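>>> Any chance you can model this:
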Amino acid sequence: MKPLLKRLVAAFGVSVMATAGIAADWTPPGPVKLMIGFRAGGGADTQARLIAEDLETRLGWKIIPEQVTGKGGLTLATALAEAPADGTVIGMLVTESLGYNMAAAKTPLTPADFTALTTTASFQMGIVAPASKGWTAWDQMISAAKDGTPIRFGVMSPKLADLAYLLGQSQGVDFNIIEVKGGKAVLDGVTAGDMDVGFMAGIQTNGVAAGDLVNLASAMSRPLKQTPEAPAIADLGVPFDADGYFVFVAPKGLPDEAKTAMSEAIAQIVNDPESKAGTMIGKAFGGPAVISGDDLQTLLQDGYDAAGGLLEAASE
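Take a look at the predicted model:
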């Protein structure tokens, strides 16, 4: 495991940013457009809008949320890269947008074309089945597949489709991979019986707690908080993972004072369980996961670099 990843795993659930105080000598030179790379009304969009609301309430900054969706976050990334680097435009998307999606699309952009501000929360990416299937462990689902049961595997991104394909290869089974838009669509498909198993990034929490869903495996490099005994994807023979974070970024060249002020302001809100955003993140995403500064810039670049290996493996 890389030294950076070791530090991030050790720090999961605990802020790795000192939030002693927000830089008092910088404020945005005007209203701040917050580009949101998620559909309106979903959990990620709600998180972004609550952070914007808390920023306005605490600091008096005028934040203007705007949906900029499409192409797995690349529509937002392209627009943000062309925006002024003065603190008046920032974006919230997921690390996968700046990693796998950017590498797969072969755009001229890389994470180096952006100023990393901070993450807010991580995914709890599990491989989830309905309890009605009777599978309580990964091996039971694989045994069923080897006995001839067709397995319809729901995914919500090309990266996850590649991971599902590699999982099938490593386990000696052929999954019928079904790609849909968003984790809710996977949840709906699994719940309705249109899919037998699928990737879910935290939306499964209530269903697992109620006994309606089962986390068969963690798709991350670390255990699931809710089901720590479930095997990790590396244990299943796949040397890649679906680690991911919600992340705020700005255009390349953002002045240090603006970067510090914005990063610390967002991190303080996220880490405060009494803030609206902090409360929501605690309930929906298992608590904050704050990474910033050089560690975050390195995390984004590592994700982009690793995407090439995943793309190559999945094409074989």
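
>>> how about Thr95, what does it touch?
Thr119, Asp243, Gly244, Tyr245, Val247, Leu299, Leu300, Gly303 (CB atoms under 8 Å, 6 or more residues apart in numbering). All C-beta spots, glycine's among them, are computed from the backbone N, C-alpha and C.

>>> I'd like to know which of those residues are buried.
Using 16 or more other CB atoms under 10 Å as the burial test, the contacts of Thr95 include Thr119, Asp243, Gly244, Tyr245, Val247, Leu299, Leu300, Gly303 as buried.

>>> List the buried residues for the helix or strand harbouring Ile269?
Per DSSP states H and E, Ile269 falls inside helix 256-271. By neighbour count on 16+ other CB under 10 Å, the buried set for helix 256-271 is 258-271.

>>> Mind jotting down where the strands sit in the chain?
32-36, 63-67, 89-94, 114-122, 126-130, 152-155, 176-179, 197-200, 213-218, 245-251 (DSSP state E).

>>> For Ala232, find the nearest of the ones you listed.
Comparison of the strands of the chain against Ala232 by CB to CB identifies strand 213-218 as nearest, at 4.7 Å.

>>> now the strands of the chain in CSV, with mean pLDDT?
CSV is the format used below for these (pLDDT from 0 to 100):
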stretch, mean pLDDT
strand 32-36, 98
strand 63-67, 97
strand 89-94, 97
strand 114-122, 97
strand 126-130, 98
strand 152-155, 98
strand 176-179, 98
strand 197-200, 97
strand 213-218, 98
strand 245-251, 97
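
>>> Rebuild these as a markdown table, extending it with distance to Leu311.
Compiled in a markdown table, the strands of the chain are given as follows (distance: least, CB to CB, whole Å):
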| stretch | distance to Leu311 |
| --- | --- |
| strand 32-36 | 26 |
| strand 63-67 | 28 |
| strand 89-94 | 18 |
| strand 114-122 | 21 |
| strand 126-130 | 21 |
| strand 152-155 | 15 |
| strand 176-179 | 16 |
| strand 197-200 | 18 |
| strand 213-218 | 22 |
| strand 245-251 | 21 |
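
>>> so which of the ones you listed gets nearest Pro239?
When the strands of the chain are compared by CB to CB, strand 213-218 sits nearest Pro239, at 14.6 Å.

>>> which among the buried ones among the contacts of Thr95 gets closest to Asp45?
Nearest to Asp45, judged by CB to CB, of the buried ones among the contacts of Thr95 is Val247 at 14.8 Å.

>>> show me what contacts the closest one?
Neighbouring residues of Val247 by CB under 8 Å, 6+ apart: Met92, Leu93, Val94, Thr95, Leu98, Ala116, Leu117, Thr118, Thr119, Thr120, Leu296, Leu300.
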